[in-house]
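Colleague: can't give you the sequence, but here's the structure:
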Ligand SMILES: Cc1ncc(C[n+]2csc(CCOP(=O)(O)OP(=O)(O)O)c2C)c(N)n1
Ligand SMILES: [Mg+2]
């Protein structure tokens, strides 16, 4: 664990606990048939990446994420009620229930959008970086993505452009070792990702996501560098504790691999470090966990009680005001049937 005096380890622990607790309730909502759609990607085991990087951001910074992103937005300060409502497809959600788990966005907190296309959000962060540079705003944009995106051409175009134009951008690869059922060493010829980013001229680091303090320290340095005009790349290695999505029982991983992976638990490691350093007692940390469990329990009730968006609002916020909206399916069918 890192020893920097300004490292907010108790806060980082709290953020990670809030993410895990929230994700456990997302799984519960799914089992209770309360989620909109079946595609849910939990980030349990990956909390160190979200908490460590987001703690190093400024309020005016922005970010884009991949599809496994509830934790990143929570670490940024998202309201868990509004997030759970979005996952449940309710109108109290961040995108009025129309984005769902994989398409949450919120300009107020600088969330430029989660994206279900592997690598899809990366160039958006570069675009944001370009605008910050031209406006001289001093802000940084972060692109979060999985190791699957390391094999996508769009990442390399984006890294090149960011390096060439010296944009305030940080690329963060959350390397959970798998893209669905494919282990990284079956998809990548070389798995040292910082080495790849370095040749583009980025300031690049690999860090162990089990150690949230190390993630924070690395992110802080790389974000400062990006702000000063040298973009960065951070690869955070971690283990996805559960399947790719809620339907995936990970048949491609052995019980031994799962057990060893789950021992790399960033929460447990931070908890032990807090106790060893005398920064918190077991009882205090148990109280933090219990308080967070209560807060997150309430998100399920909030999401279930919230209203779904009315059918009449289907195209609101989807089409620009004044734009011609598509003819509703029923009217279209009636028109076609009337002609026959
Ligand atoms: C361009 C593209 N190709 C394939 C898919 C299907 N797909 C969805 S998630 C995923 C795996 C992504 O793995 P990774 O980037 O490592 O993220 P993780 O799920 O591990 O968090 C794939 C192949 C997709 N969404 N987009
Ligand atoms: Mg992955």
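Modeller: Yep, that arrived. Everything numeric here is computed off the predicted structure, so don't read it as measured data. Ligands and ions are numbered 1, 2, ... in the order given.
Colleague: give me the number of residues near the residue of the stretch 101-250 of the chain found nearest ligand 2?
Modeller: Of the residues in the stretch 101-250 of the chain, the one nearest ligand 2 is residue 146, at a distance of 3.7 Å by C-beta to the ion. (C-beta placed from N, C-alpha, C; glycine too.) Applying other C-beta atoms under 10 Å, we find 25 residues neighbouring residue 146.
Colleague: same thing with residue 149?
Modeller: 23.
Colleague: go on, residue 248?
Modeller: Per other C-beta under 10 Å, the neighbour tally for residue 248 reads 14.
Colleague: can you tell me the element it falls in?
Modeller: For residue 248, there is no host helix or strand (DSSP states H and E).
Colleague: without its sequence neighbours, what residue ends up closest to the residue in the stretch 201-340 of the chain that ligand 1 sits nearest to?
Modeller: At 5.6 Å from ligand 1, residue 244 is the closest residue in the stretch 201-340 of the chain, using C-beta to the nearest ligand atom. Closest residue in space to residue 244, ignoring its immediate chain neighbours: residue 180 at 4.7 Å, by C-beta to C-beta, 6 or more residues apart in numbering.
Colleague: and the one you found, what does it touch?
Modeller: By C-beta atoms under 8 Å, 6 or more residues apart in numbering, the contact set of residue 180 is 148, 244, 248.
Colleague: I'd like to know how far the residue lying closest to residue 299 once chain neighbours are set aside sits from ligand 2.
Modeller: Of all residues not flanking residue 299 in the chain, residue 84 sits nearest, at 4.0 Å (C-beta to C-beta, 6+ apart). Computed with C-beta to the ion, to the nearest Å, the distance linking residue 84 and ligand 2 is 24 Å.
Colleague: and for residue 84, the neighbour number?
Modeller: Using other C-beta under 10 Å, the number of residues around residue 84 comes to 28.
Colleague: now do the same for it: its pLDDT.
Modeller: Reported pLDDT at residue 84 in the predicted model: 98.
Colleague: what separation do you get for it and ligand 1?
Modeller: Distance of residue 84 to ligand 1, given as C-beta to the nearest ligand atom, to the nearest Å: 20 Å.
Colleague: does residue 173 count as helix, strand or coil?
Modeller: With DSSP: H, G, I helix; E, B strand; the rest coil as the basis, residue 173 sits in strand.
Colleague: who in this protein is up against ligand 2?
Modeller: Residues of the chain found near ligand 2 (C-beta under 5 Å from the ion) are 146, 147, 176, 178, 179.
Colleague: show me the contacts for the second one.
Modeller: Which is residue 147. Residue 147 neighbours (C-beta under 8 Å, 6+ apart): 173, 174, 175, 176, 177, 178, 179, 184, 187, 188, 193.
Colleague: list the contacts of the nearest residue to residue 59 once chain neighbours are set aside.
Modeller: Of all residues not flanking residue 59 in the chain, residue 110 sits nearest, at 7.6 Å (C-beta to C-beta, 6+ apart). Residues in contact with residue 110 (C-beta under 8 Å, 6+ apart) are 57, 59, 60, 61, 62, 63, 76.
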